[in-house]
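> with the input below, show me the fold.
(one chain, ligands or ions: 1)
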Amino acid sequence: MACSSRRMRAFRRWMKRQSIEYSEAIDLLIQQQDQQVWVKALCDIHEGDLIATIPKNSCLTVKSSGACRLIEDFCLEGYIALSVALMYEKSLGQQSPWFGYLQLLPDRNPDVPLLWSVEEIDELLVGTELHKTVKEDKALVYEDWKACIVPFVESAPIQLNPDDFDLDQYLAAKSLISSRSFQIDDYYGFGMVPLADLFNHKTDAEDVHFTSVSSHSESDSDSSENIENPIDDYQNGDPSGQNQNGSTGNSLEGDFSSDDDTCSSTTEILEMIMVRDVKAGDEVFNTYGSMGNAALLHRYGFTEPDNPYNIVNIDLDLVLEWSSSIFSSRHTRSRLSLWKRLHHSEFPGQQIDYFEISSDGEPEVELLKLIFIILLPEKAYNEFDKPKVALLSNKKEIVLGEITETNKKLLLTESVRGGLLSVADIRERCYGLRSMEDDIEALKSCPVTNRKLYHSLVLRTNERRILEKLRAYATAGSAGVRFVNGCNGSTLRKKLQR
Ligand SMILES: C[S@@+](CC[C@H](N)C(=O)[O-])C[C@H]1O[C@@H](n2cnc3c(N)ncnc32)[C@H](O)[C@@H]1O
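Modelled structure (predicted):
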């Protein structure tokens, strides 16, 4: 207790020296049981209130770090460069201008799956969207360290202690950057933003926003710029969560972009402004962006109970596995290539390796099209060809090219529904032997403080609920809908029953 309040007092003194200011309406508190910091409203705070200002030059970035020249001379970029800057400043101890800030931070964020052991990853994440991704991350981090950090330390013109830049320190730095870095502006790039990174996250219900205020505007008067979320690559299908500059995309709602990337930025400040009223005693939340629990756990090491951005992906390979369990591999190959041709004619150059199932269990249209094509009877398939027309029952025709997200239910023939159910079952098997009921029971008895187990169980149960909803989607309103596109119906049904 005494130790954590001493650290907080030292941080407050450091902020004062850096001209980081915050309103008397908020307080920064450390939770005793897990040492997590949170921001509390001391009195009623109102929308529009300015609660903090942070000079950009107080942020720990590659540009502001003492290692800037070394890093730039060695052509390091993105998160590797920021990791080196962070490891360098940590290695300086009290000599670092950021010591007062760094001494408040944990040495690493152990909740970020990148830091879990391989056994923990296999045990806790099996079947989830993160399992493969985190294992790949681990391998990539090792490669980056060996290919970039080791030669950097060995060839630096000043003496660097290799222990301060070893693999363990690199992983620690990466976990902090992943869970605490912000995109600041074109000049500073992304980096650690003291004070701003003490706010916890709440999806779609944040209380505070960031704004960049520049005194370098053309009109020579102060101008402010609203902050936009950076591209969220996770949502765009890159589960690594890293965007092109190597930033993890954590803007905590902020890309403090400035138009002028040649100016030194030193007079610019970041402002934190309330976007809703908060009552005295309540926590003041920020948002790290709109993302599902897989992305939250991946980058920040936590999940939320009712996250509307959850998704499950079904790999193309799983669909092909299902097809090959019913049809010959020749059949699967030819149907896949027809689906690919159709897809490329609509979206040239776009490749699909997996299909997204939204939080309410809706499959994306391309999955339905692929299942539909796989199940087309031989005759319809042979006649299909140029006009891209598929025959349905009651003498109706549908043009696959005209099926979109809005009218995709037209594809839900009985056999497509069956196919969807089988694919959902195959995806479900990825979670291993523990049933959904086992997971729900385990979650009920798991304390939140057992963070790895708790958050991985939330992720597993969320994903499995989506698969349940997918099954409900596949069966909803099926009675009486009798299309005939399926493969030899009785064979397929038998296989499904089995
Ligand atoms: C930017 S920091 C926020 C401040 C942090 N609580 C601290 O102690 O410095 C992000 C980390 O805070 C924690 N965190 C933030 N929002 C959370 C939430 N809604 N539930 C659980 N943990 C959260 C996670 O450990 C995350 O990696």
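> can you tell me the helix or strand for the spatially most central residue of the chain?
With distances taken as CA atoms, centre = their mean, Ala295 lies nearest the centre of the chain, 2.7 Å away. In this assignment (DSSP states H and E), Ala295 forms part of helix 293-300.
> and that helix, how far out from the chain middle?
5 Å (CA atoms, centre = their mean, to the nearest Å).
> wait, does it contact the ligand?
Yes - interface with the ligand: helix 293-300 contributes Tyr300 (CB under 6 Å from any ligand atom). Placement of C-beta: from N, CA and C, glycine included.
> likewise stretch 34-45?
Yes - using CB under 6 Å from any ligand atom, we find that stretch 34-45 touches the ligand at 36-38.
> same check on stretch 50-69?
No - Stretch 50-69 stays clear of the ligand (CB under 6 Å from any ligand atom), getting no nearer than 13.5 Å.
> what about that stretch, distance to the chain center?
The answer for stretch 50-69 is 25 Å, by CA atoms, centre = their mean.
> repeat that for stretch 98-113.
With CA atoms, centre = their mean as the basis, the mean position of stretch 98-113 lies at 21 Å from the chain mean.
> average pLDDT for it?
Averaged over stretch 98-113, pLDDT sits at 97.
> start and end of it, how far apart?
27 Å (CA to CA, to the nearest Å).
> interface residues of the stretch 301-450 of the chain facing the ligand?
Within the stretch 301-450 of the chain, the residues that sit near the ligand (CB under 6 Å from any ligand atom) are 301-302.
> does the one residue in the stretch 301-450 of the chain that gets nearest to the ligand count as helix, strand or coil?
Here the residue of the stretch 301-450 of the chain nearest the ligand is Phe302; by CB to the nearest ligand atom that distance is 3.7 Å. Classification of Phe302 by DSSP: H, G, I helix; E, B strand; the rest coil places it in coil.
> repeat that for Gly66.
Quick answer, by three-state DSSP: Gly66 is coil.
> report pLDDT for Lys386.
Value for Lys386, per-residue pLDDT: 51.
> start the count at 25 instead of 1 going forward.
Sure, I'll start counting at 25 from here, so that last one is Lys410.
> counting by contacts, list what the lengthiest helix in the chain packs against.
For the chain, the helix with the greatest residue count under DSSP state H is helix 475-499. Helices and strands touching helix 475-499, by 3 or more CB pairs under 8 Å, 6 or more residues apart in numbering; DSSP states H and E, are helix 142-149, helix 317-324, strand 336-339, strand 378-381, helix 438-453, helix 460-468.
> now it, how far from the centre of its chain.
With CA atoms, centre = their mean, you get 17 Å for helix 475-499.
> buried residues in it, which are they?
Residues 475-491, 493-495, 497-498 are the ones in helix 475-499 that count as buried (16 or more other CB atoms under 10 Å).
> what's across from Gly215 in the sheet?
Going by DSSP bridges, Gly215 is paired in beta bridges with Thr85, Phe206.
> where are the low-confidence patches of the stretch 175-324 of the chain?
Judged by pLDDT under 70, the stretch 175-324 of the chain has its weakly predicted residues at 238-291.
> what does the stretch 175-324 of the chain put close to the ligand?
Counting by CB under 6 Å from any ligand atom, the residues of the stretch 175-324 of the chain close to the ligand are 203-204, 221-222, 224-225, 324.
> tell me the one among those residues nearest to Thr430.
His225 (32.7 Å; CB to CB).
> okay, now the closest one: neighbour count?
20 (other CB atoms under 10 Å).
> quick one: contacts for Trp169?
191, 194 (CB atoms under 8 Å, 6 or more residues apart in numbering).
> top of the residues of stretch 58-69 next to the ligand by neighbour count?
With neighbours taken as other CB under 10 Å, the top of these is Val61, carrying 19 neighbours.
> OK, contacts around the nearest residue to that one once chain neighbours are set aside?
Once flanking residues are discounted, Val61 sits nearest to Leu222: 4.8 Å by CB to CB, 6 or more residues apart in numbering. When contacts are counted by CB under 8 Å, 6+ apart, Leu222 touches 52, 61-63.
> which one of these is nearest the ligand?
Among the contacts of Leu222, and counting by CB to the nearest ligand atom, the member closest to the ligand is Val61, at 3.6 Å.
> got the phi and psi for the closest one?
Torsion angles at Val61 (phi, psi; degrees, to the nearest 10) stand at phi -90, psi 150.
> quick check, it in contact with Phe35.
No - applying CB atoms under 8 Å, one finds Val61 not in contact with Phe35, separated by 9.3 Å.
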